[in-house]
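Novice: what's the 3D shape of this:
(chains A and B)
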Amino acid sequence: MSAYRVLLVALSLFTALLLQTTVVSRLGFLGAQPDLVLVVVVCFALTDGPGVGMVGGFGAGLLLDLLSDHTLGLLALVLCSIGYASGIVRAYLDRLAITTPMLFVGAATAAAGLSFAALLALLGDPRITGGTLLRSVTLAALYDVVLTPFVFAAVSALSRPRDEMNLRVGAAAHGDRRGVRR
Amino acid sequence: MYRDSRRLRLVLALLIATSFTLITIDYRGGEGTSLRGLRRGAATVVGPVQRAVARVVRPVGRALSSVGELGSLGDEVDDLRKENAELRTKLRAAEDLRRRSDELDALLGAAGDRGARILPATVIADSPNNFEWTVTLDRGSRDGVRADMTVITGDGLVGRVLEVAPYTCSVLLAIDRQSAVGARLANGERGLVSGNGLDPLVLELREPDAPVRPGDVVLTSGSSTYVGGIPIGVAELITRQPTLTKRVTIKPYVRYTALDIVGIILTAPREASAPAVAPSARPTPGASTTPATAGAPSATPSASATRSPIPTQSPTPTPAAT
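Specialist: Here you go, the predicted structure:
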């Protein structure tokens, strides 16, 4: 993992966060908005492994927490776990079909939405109610799945060419390119 | 390989522990912690970038959502369709410009000559999740914005300022579930308007037998945080609660999902709490309770016993209500 790669992942996540707050949140249909940051975190976890997934998820989540009104650290915890889990599960798959990232993102959005809501409810936040929660989680998962092919293509294009080999072998799961050779 | 995955788990444990620490500190500490400074720091750094990005990107988003609202045109030839969409986007962009200038006019007009100082601001970001209803504005402490200032549009109440950074500030919208606004009807009945997300706002009236009808205007009462006399919305559905309060759903004047230009009230107008639509005639309390209690007489004795019938604050139904 080179410094260049770290910078690239960080910049991609920051761009996603900026777009999320300024435009994507504006395009919410039927009371739910897609979660671009989560999609990017999951895509990086799939291409670069659980290490990048969890650190990227933690960083992006923390910045989202700082820019929001809820208790600090909630999204950092949720996105960190999601990034790690996506990278770990991906290691058990031999090849990455075009639908794999979509499945991952769909499941991740549902898991993230429900766990974030559960944590908020545990802390006594009045913003969570059953009806709106189910609707918004379902819709968000749907939107995220639709976004995934484009985001995944962009994230893959950002990866260096020799990463493609790693993708096929599935060794990318260790977050460290040298793991392939061992 | 084993060593690698062990280190991975160590880092994961570290990050999760950090998250829990942050959650605990922020949850316990509330207002006074240094984490608040951390939030302001993040807003100070990210705010200007958001401003710059929003300037480029939000017009595109507005145009996109406008085209989306128009919907598909059916079975048209592809070329024609493409051209149509292009023209429509251009038209919408022009309309958007005109609407923005109209909004600005309305806003400045709303300030009137009552000595209010209103700072126009543009929404540059919305809440990035589905549960919170906040927006970020392109004005901050450098422009004189302070926490808890009231935010309006030419139509009515938007919310109040939450956090202030040097160049940006965040606003809690009235439809957020954590928002509670002191409100009153034009006839002086008081209550609390709470947000309900995308579901309608709810007004809980203090008096269970207060006269209220669908179509009544609901204004801010100007009790603590909010400037008084700002229209919130129109009463729609009225239901009686078992807890001796009256629950009224409100159709807000402001479209909270399409906010663009808003105004921050820096200085409240003089005589703001005096309603512009105040009824002149004030009937006695006994006369005014008659129409409202007709629905559920059983609740009346205990309710009228608990309140003190001060003549000046008695319910004063408009001629339409009686």
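
Novice: please make it C-alpha for all contacts and neighbour counts, starting now.
Specialist: Noted.

Novice: residues in a beta bridge with B:Ala235, which ones?
Specialist: Following DSSP bridges, B:Ala235 is listed with bridge partners B:Ile250.

Novice: that one contacts B:Arg247, doesn't it?
Specialist: No: if you go by C-alpha atoms under 8 Å, B:Ala235 and B:Arg247 don't touch, sitting 10.0 Å apart.

Novice: packing partners for the helix or strand harbouring A:Ala60?
Specialist: Counting by DSSP states H and E, the element that carries A:Ala60 is helix A:50-67. In terms of contacts (3 or more C-alpha pairs under 8 Å, 6 or more residues apart in numbering or on different chains; DSSP states H and E), helix A:50-67 is packed against helix A:3-22, helix A:36-48, helix A:74-90, helix B:2-29, helix B:35-70.

Novice: pick out the residue in chain A sitting closest to chain B.
Specialist: Per C-alpha to the nearest C-alpha, A:Thr22 is where chain A lies closest to chain B, at 4.3 Å.

Novice: measure that residue to A:Ala140 for me?
Specialist: In this structure, A:Thr22 and A:Ala140 are 17 Å apart, going by C-alpha to C-alpha, to the nearest Å.

Novice: likewise B:Glu95?
Specialist: Applying C-alpha to C-alpha to B:Glu95 and A:Ala140 gives a distance of 30 Å.

Novice: between the two, which is the more surrounded one?
Specialist: Taking neighbours as other C-alpha atoms under 10 Å in any protein chain shown, B:Glu95 and A:Ala140 compare with A:Ala140 leading, 25 against 12.

Novice: pretty sure that one is touching A:Gln33, no?
Specialist: Yes: counting by C-alpha under 8 Å, A:Ala140 touches A:Gln33, with 5.8 Å between them.

Novice: show me what the residue in the stretch 101-250 of chain B positioned nearest to chain A is bridged to.
Specialist: Here the stretch 101-250 of chain B gets closest to chain A at one residue, B:Ala125, 4.3 Å apart by C-alpha to the nearest C-alpha. On the basis of DSSP bridges, B:Ala125 is bridged to B:Thr136.

Novice: in chain A, where is pLDDT below threshold?
Specialist: Residues of chain A meeting the criterion pLDDT under 70: A:1, A:28-30, A:160-182.

Novice: max-length helix in it?
Specialist: Counting residues, the longest helix in chain A under DSSP state H turns out to be helix A:130-158.

Novice: what is the distance between that one and the centre of its chain?
Specialist: Chain-centre distance of helix A:130-158: 9 Å, with C-alpha atoms, centre = their mean, to the nearest Å.

Novice: can you pull the buried residues of it?
Specialist: Buried positions in helix A:130-158, judged by neighbour count with 16 or more other C-alpha atoms under 10 Å in any protein chain shown: A:132-133, A:136-145, A:147-149, A:151-152, A:155-156.

Novice: stretch A:113-130: end-to-end distance?
Specialist: Taking C-alpha to C-alpha, stretch A:113-130 runs 12 Å from one end to the other.

Novice: can you give me the buried ones in that stretch?
Specialist: Within stretch A:113-130, judged by 16+ other C-alpha under 10 Å, the buried ones are A:113-117, A:119-120, A:127-128.

Novice: so how many other residues sit close to the residue of chain A closest to chain B?
Specialist: So A:Thr22, with other C-alpha under 10 Å, has 27 neighbours.

Novice: and what of B:Gly197?
Specialist: 24.

Novice: kindly report the same for B:Asp143.
Specialist: Residues lying near B:Asp143 (other C-alpha under 10 Å) number 13.

Novice: ok, now which ones touch the residue of chain A closest to chain B?
Specialist: B:50, B:53-54, B:57-58, B:124-126 (C-alpha atoms under 8 Å, 6 or more residues apart in numbering or on different chains).

Novice: could you redo the last one with a cut-off of 6 Å?
Specialist: The contact partners of A:Thr22, by C-alpha atoms under 6 Å, 6 or more residues apart in numbering or on different chains, come to B:54, B:125.

Novice: and the stretch 101-250 of chain B, which of its residues are near chain A?
Specialist: Residues of the stretch 101-250 of chain B found near chain A (C-alpha under 6 Å from any C-alpha of the partner chain) are B:125-126, B:128, B:130, B:177.

Novice: how far away is the residue of chain A closest to chain B from B:Val234?
Specialist: Taken as C-alpha to C-alpha, the span from A:Thr22 to B:Val234 is 30 Å.

Novice: which strand or helix spans the nearest residue to A:Thr148 once chain neighbours are set aside?
Specialist: Ranked by C-alpha to C-alpha, 6 or more residues apart in numbering or on different chains and with sequence neighbours excluded, the top spatial neighbour of A:Thr148 is A:Met102, at 5.7 Å. In the assignment (DSSP H and E), A:Met102 maps to helix A:100-122.

Novice: same check, this time on B:Val193
Specialist: Using DSSP H and E, B:Val193 sits in strand B:190-194.

Novice: could you list the paired strands of that strand along with their orientation?
Specialist: When DSSP bridges is applied, strand B:190-194 pairs with strand B:180-185 (antiparallel), strand B:201-205 (antiparallel).

Novice: wait, doesn't A:Ala140 sit right on A:Leu36?
Specialist: No: here A:Ala140 does not reach A:Leu36: they are 10.0 Å apart, not a contact under C-alpha atoms under 6 Å.

Novice: which stretches of chain B have low pLDDT?
Specialist: Filtered on pLDDT under 70, chain B yields the residue ranges B:1-4, B:30-33, B:62-79, B:81-82, B:108-115, B:241, B:243-244, B:269-322.

Novice: give me the neighbour count for B:Arg190.
Specialist: Neighbour count for B:Arg190, taken as other C-alpha under 10 Å: 23.

Novice: show me the beta-bridge partners of it.
Specialist: Here B:Arg190, judged by DSSP bridges, has bridge partners B:Arg184.

Novice: would you check that it makes contact with B:Gly182?
Specialist: No: counting by C-alpha under 6 Å, B:Arg190 stays clear of B:Gly182, with 7.5 Å between them.

Novice: need the residue closest to the centroid of chain B.
Specialist: Closest residue to the average C-alpha location of chain B: B:Ala174 at 2.5 Å, with C-alpha atoms, centre = their mean.

Novice: any idea how many residues pack against A:Tyr4?
Specialist: 9.

Novice: now A:Gly31
Specialist: Using other C-alpha under 10 Å, A:Gly31 has 17 other residues around it.

Novice: can you tell me the SS state at the residue lying closest to B:Ala258 once chain neighbours are set aside?
Specialist: Once flanking residues are discounted, B:Ala258 sits nearest to A:Arg26: 7.9 Å by C-alpha to C-alpha, 6+ apart. Under the three-state scheme (DSSP: H, G, I helix; E, B strand; the rest coil), A:Arg26 adopts helix.

Novice: what about A:Arg26, how many residues nearby?
Specialist: The number of residues near A:Arg26, taken as other C-alpha under 10 Å, comes to 24.

Novice: cool, B:Val56 as well?
Specialist: 12.

Novice: also B:Val57?
Specialist: So B:Val57, with other C-alpha under 10 Å, has 16 neighbours.

Novice: now B:Ile152, nearest residue through space, not along the chain?
Specialist: Here the residue nearest B:Ile152, using C-alpha to C-alpha, 6+ apart, is B:Val158, at 4.7 Å.

Novice: what's around the one you found, how many residues?
Specialist: 28.

Novice: surely it is in a strand?
Specialist: Yes: counting by three-state DSSP, B:Val158 is part of a strand.

Novice: who are the contact partners of it?
Specialist: Contacts of B:Val158 by C-alpha under 6 Å, 6+ apart are B:151-152, B:173.

Novice: go again with 7 Å.
Specialist: For B:Val158, the residues meeting the contact criterion (C-alpha atoms under 7 Å, 6 or more residues apart in numbering or on different chains) are B:151-152, B:173-174, B:254.
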